[in-house]
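J.: Fold the following for me, if possible:
(one chain, ligands or ions: 1)
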Amino acid sequence: MILTAKPVVEALLPGLTAQTQQFIAARRRAPHLVVILMGNDPASVIYTTRKAQAAETVGFSRETLAFDATLPREKLFSVISDLNARADVDGILVQRPLPPHLDAFEISTWIEPEKDVDCFHPDNVGRLMLGRARLVPCTPAGIFLLMNHYGLSVAGKRVAVIGRSPIVGGPLAVLCNQANATVVQIHRKTIAPAQVCKEADFVFSAAGKAGLVTTDWIKPGAVVVDVGINRNPVTGRLCGDVDFDAVRGVASAITPVPGGIGPMTIHALLENTLQAATLRA
Ligand code: NAD
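T.: Numbering: from 1, shown residues only. Predicted structure coming up:
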């Protein structure tokens with residue numbers, strides 16, 4: 001089974017659009033998302049455009065604030081403080097990667113936790129760890145939406161999460177654990193990663209390394225979710241971490257790249273924005 005995002009998003013969008021209309025009718029305003037773009041990294045420009053378009057599709061209002069990559073740290077702080085104070089702003093995100101003079105952790109602490117739709121603020125991360133999430137980081141949330149749609153549950157299963165970043169691998173492992181999986185995390189220092197991974201019923205790869213996960217890593221019949229977004233070093237085409245053509249012959253189900261977790265992440269951002277707007281109101 002190829003776990004594509006398209007049917008999932010098509011199934012979820014009508015409900016989200018209807019909930020947005022209810023919000024607008026009750027509050028006499030639309031949920032409002034602000035996306036901050038620092039510089040003109042081509043991938044970031046594409047992602048911020050997609051996020052803005054998706055927000056409009058479901059009926060949100062939105063702004064994209066684009067700044068020169070050299071914008072001083074103090075100025076960005078002032079922009080974010082103003083957005084925190086605005087009653088009409090429900091969600092704020094700063095697109096990553098950031099220019100080198102900006103510290104991602106510091107910026108995550110500037111955004112009001114109630115408006116932190118990426119779920120990077122330490123307060124939101126702490127709540128997630130404690131099983132009391134206000135918002136769930138978009139990529140792990142999108143993965144769970146996709147799995148629910150296809151009737152896949154990690155409960156009681158062995159799960160391998162490749163990568164431990166605070167954006168994907170870290171929270172994904174926590175959420176799998178909370179969903180009653182037995183979780184192992186694989187990272188750069190893991191000894192015999194293929195052997196460890198091959199024990200898993202579910203493999204989530206978020207390493208950012210094209211071709212990392214080959215058939216040697218996959219137990220026959222496992223479910224494989226590929227979060228990686230890389231360029232194939234030979235063809236230059238977009239690809240994940242998993243050798244898709246080979247692994248699809250071993251796995252029972254696998255996500256494609258593109259068309260898998262990317263669109264789910266954007267959908268989860270929309271759900272988070274509506275959730276933030278609803279909780280704040
Ligand atoms: P990151 O660089 O912050 O973290 C990568 C993690 O993978 C690290 O913990 C590292 O230890 C581990 N890792 C790297 N190489 C490894 C190897 N050879 N073996 C084992 N572990 C290894 O990256 P990130 O922000 O977590 O993103 C990971 C990937 O997911 C990237 O390709 C990124 O573009 C992609 N991504 C996709 C989406 C989406 O919507 N599909 C969203 C966020 C990130």
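J.: interface residues of the protein facing the ligand?
T.: 139, 162-165, 167-169, 186-188, 193, 206-209, 212, 227-230, 261-262, 265 (C-beta under 6 Å from any ligand atom). All C-beta spots, glycine's among them, are computed from the backbone N, C-alpha and C.
J.: please redo it, this time with the cut-off set to 8 Å
T.: Within reach of the ligand by C-beta under 8 Å from any ligand atom, the chain has these residues: 96, 138-139, 142, 162-170, 186-190, 193, 206-209, 212, 227-230, 240-241, 257, 260-262, 264-266.
J.: How about the longest helix anywhere in the chain, which residues are buried there?
T.: Scanning the chain for the helix with the most residues, using DSSP state H, yields helix 6-27. By 16 or more other C-beta atoms under 10 Å, the buried positions in helix 6-27 come out as Val8, Val9, Leu12, Leu16, Gln19, Thr20, Phe23.
J.: Quick check, the third one in contact with Leu145.
T.: By that I understand Leu12. Yes. The pair Leu12 / Leu145 is scored as a contact, 6.7 Å apart, by C-beta atoms under 8 Å.
J.: Between those two, which contacts overlap?
T.: Residues touching both Leu12 and Leu145 (C-beta atoms under 8 Å, 6 or more residues apart in numbering): His267.
J.: Ramachandran coordinates for the closest residue to Val94 other than its chain neighbours?
T.: Leaving aside its sequence neighbours, Val94 sits nearest to Ile36 (C-beta to C-beta, 6 or more residues apart in numbering; 4.5 Å). Phi and psi for Ile36, reported as degrees, to the nearest 10, are phi -110, psi 130.
J.: ok, now which ones touch Ile36?
T.: With the criterion set at C-beta under 8 Å, 6+ apart, Ile36 makes contact with Thr64, Leu65, Phe67, Leu76, Val79, Ile80, Ile92, Leu93, Val94, Gln95.
J.: what secondary structure does the second one sit in?
T.: By that I understand Leu65. For Leu65, the secondary structure call by DSSP: H, G, I helix; E, B strand; the rest coil comes out as strand.
J.: For it, which residues are in contact?
T.: Residues in contact with Leu65, defined by C-beta under 8 Å, 6+ apart, are Val34, Val35, Ile36, Leu37, Val79.
J.: ok so the fourth one is a strand residue?
T.: Yes. Secondary structure of Leu37, determined by three-state DSSP: located in a strand.
J.: my read: it touches Ala43, true?
T.: No. Leu37 is beyond contact range of Ala43, at 11.2 Å (criterion: C-beta under 8 Å).
J.: Between those two, tell me which one has more neighbours.
T.: Neighbour count, other C-beta atoms under 10 Å: between Leu37 and Ala43, Leu37 has more, with 21 against 12.
J.: ok, what's across the strand from the more buried one?
T.: Counting by DSSP bridges, Leu37 is bridged to Ala66.
J.: The ligand versus that one, what's the distance?
T.: Counting by C-beta to the nearest ligand atom, to the nearest Å, the gap between Leu37 and the ligand amounts to 16 Å.
J.: List the contacts of the residue nearest to Leu145 when sequence neighbours are not counted.
T.: Excluding the flanking residues, the one nearest Leu145 by C-beta to C-beta, 6+ apart is Met264, at 5.9 Å. Residues near Met264 by C-beta under 8 Å, 6+ apart: Ala5, Val8, Val9, Thr139, Gly142, Ile143, Leu145, Leu146.
J.: and Met264, that one's in a helix?
T.: Yes. With three-state DSSP as the criterion, Met264 is assigned to a helix.
J.: As TSV, the contacts of Ile36 with distance to Val125 and pLDDT would be great.
T.: TSV is the format used below for these (distance: C-beta to C-beta, whole Å; pLDDT from 0 to 100):
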residue	distance to Val125	pLDDT
Thr64	25	97
Leu65	24	98
Phe67	26	98
Leu76	21	98
Val79	23	98
Ile80	18	98
Ile92	16	98
Leu93	15	98
Val94	16	98
Gln95	19	98
